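[1] Quick one, structure for this:
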Amino acid sequence: MTSLLILEQCLNGLQFGLMLFLLAAGLTLVFGIMDLINLAHGSLYMLGAYLVATLTQASGNFLLGAALGIAATAVIGMALEVLILRGLYQRDHLSQVLATFALILISNETTRTLWGVQPLQLNVPAWLSGSVELLPGLGYSAFRLAIIVVGLAVAALLYLVITRTRIGMLIRAGASNRPMATAMGTDIKRLFTAVFGAGAALCALAGAMLGPLLAVQVGMGENILILAFVTVVIGGIGSIRGAFVGALLVGVVDTFGRAFMPTLLRHALSPAFADAAGPSLAAISIYLLMVAVLFWKPRGLFPVGA
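    The predicted structure follows:
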């Protein structure tokens, strides 16, 4: 029974880590290439979840609603980059933080105005609502397995795009040496817009996959944005490989901490105190992981240009 529980938590950690990767991949590309600290990245995740939920309810089809919501979020992200964020590239990081924090407030209030204060319902598709028996005695949610498959497929696709295509070469060149990439004829403005749109689409995909598991509500992007930043710092800014490894580490540490920390504390503390302190210590463990990685490798596990 214990081994089955550990295996189940490994799958939960993998699922959560892959969803973090979808957020962290776009965030690390934007930061690594554009040198832009975008605190509004979580707002795109929230907006994507709302659009997917709304379009799914309107169409009655989860896949169609997800596809339309992801495309709409990508378009909104590109418009945001062209109209607002493009003017921040030459500003210092403090100006970027203040401006994108203002975008968080604007996004939350706009979302509250359009959809109201009550959480929006996004149901698991009927054809993924059951469970799959992976091993005797171990049944696992079909939807969570689908999240793992989608996350791994997106990770593989991103790896191929970044390492095997011309656009990937331009992205790597822009992340490593933007002035030289510009001197070689790269249209940096168009590249920035495309990268930001791709990051917004990944946010919306994460919102579509996590929406049925979590509440689709105003402010849902802030907490997960913090984890995405921790993932980027652990993996190395600008590194897709680092974002992938960092996301899996954070996902597994967070999941195992929440699942087993209260049980471990019960051996030394009262059950009531262990149950109260366990989740807090589990949350702290992620930041302890970040501190340990930065102490060992100050630029992250896989820094660009290393």
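[2] give the contact list for residue 130.
    By Cβ atoms under 8 Å, 6 or more residues apart in numbering, the contact set of residue 130 is residue 142. (Each C-beta comes from the backbone N, C-alpha and C, glycine too.)
[3] ok, now residue 65?
    Applying Cβ under 8 Å, 6+ apart, the residues near residue 65 are 52, 53, 54, 55, 56, 57, 58, 59, 208.
[4] which of those residues are buried?
    By neighbour count, with 16 or more other Cβ atoms under 10 Å, the contacts of residue 65 hold 52, 53, 54, 55, 56, 208 as buried.
[5] Identify the farthest-apart pair in those.
    54 and 208 (11.6 Å; Cβ to Cβ).
[6] hey, what's in contact with both of those two?
    Between them, residue 54 and residue 208 share the contacting residues 65, 69, judged by Cβ under 8 Å, 6+ apart.
[7] how about the contacts of residue 65 in JSON lines, adding distance to residue 265?
    JSON lines is the format used below for the contacts of residue 65 (distance: Cβ to Cβ, whole Å):
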{"residue": "52", "distance to residue 265": "38"}
{"residue": "53", "distance to residue 265": "37"}
{"residue": "54", "distance to residue 265": "42"}
{"residue": "55", "distance to residue 265": "44"}
{"residue": "56", "distance to residue 265": "41"}
{"residue": "57", "distance to residue 265": "42"}
{"residue": "58", "distance to residue 265": "47"}
{"residue": "59", "distance to residue 265": "47"}
{"residue": "208", "distance to residue 265": "36"}
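[8] can you put these in CSV and add pLDDT?
    Shown next, in CSV, are those (pLDDT from 0 to 100):
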residue, pLDDT
52, 94
53, 92
54, 93
55, 94
56, 92
57, 90
58, 90
59, 89
208, 91
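[9] quick one, helices of the stretch 51-200 of the chain?
    62-83, 93-115, 142-164, 166-176, 178-183, 188-210 (DSSP state H, counting those that start in this stretch).
[10] deepest of those, which one?
    helix 188-210 (a mean of 24; mean count of other Cβ atoms under 10 Å).
[11] Compute the inter-axis angle for that helix and helix 62-83.
    150 degrees (axes from the mean of the first three to the mean of the last three Cα atoms, to 10 degrees).
[12] elements contacting helix 188-210?
    The contact analysis (3 or more Cβ pairs under 8 Å, 6 or more residues apart in numbering; DSSP states H and E) places helix 188-210 against helix 2-34, helix 41-59, helix 62-83, helix 142-164, helix 166-176, helix 178-183.
[13] Nearest to residue 2, out of the buried ones among the contacts of residue 65: which one, please.
    residue 208 (34.0 Å).
[14] per-residue confidence averaged over the helix or strand encompassing residue 284?
    Secondary structure from DSSP states H and E places residue 284 in helix 271-296. If you average the pLDDT over helix 271-296, you get 82.
[15] Please spell out which residues along it are buried.
    In helix 271-296, counting by 16+ other Cβ under 10 Å, buried: 274, 278, 281, 282, 285, 286, 289, 290, 293.
[16] got the CA positions of stretch 224-233 in CSV?
    Extracted C-alpha coordinates of stretch 224-233, given in CSV (Å, rounded to 0.1, in the frame of the first residue of the first chain):
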residue,chain,number,x,y,z
ILE,A,224,1.1,30.0,-9.3
LEU,A,225,3.2,32.8,-10.8
ILE,A,226,5.4,32.7,-7.7
LEU,A,227,6.0,29.0,-8.2
ALA,A,228,6.8,29.7,-11.9
PHE,A,229,9.4,32.3,-10.9
VAL,A,230,10.9,29.8,-8.5
THR,A,231,11.0,27.2,-11.3
VAL,A,232,12.8,29.7,-13.6
VAL,A,233,15.3,30.7,-11.0
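[17] And for residue 138, the neighbour number?
    When neighbours are counted by other Cβ atoms under 10 Å, residue 138 registers 15.
[18] May I have the beta-bridge partners of it?
    With DSSP bridges applied, residue 138 shows beta-bridge pairing to residue 135.
[19] my read: it touches residue 6, true?
    No - judged on Cβ atoms under 8 Å, residue 138 makes no contact with residue 6 at a distance of 10.6 Å.
[20] before we move on, back to that, for the helices of the stretch 51-200 of the chain, which one sits closest to residue 232?
    Minimum separation from residue 232 across these (Cβ to Cβ) falls at helix 188-210, 11.8 Å.
[21] what angle do that closest one and helix 166-176 make?
    Using the same axes, to 10 degrees: helix 188-210 against helix 166-176 is 100 degrees.
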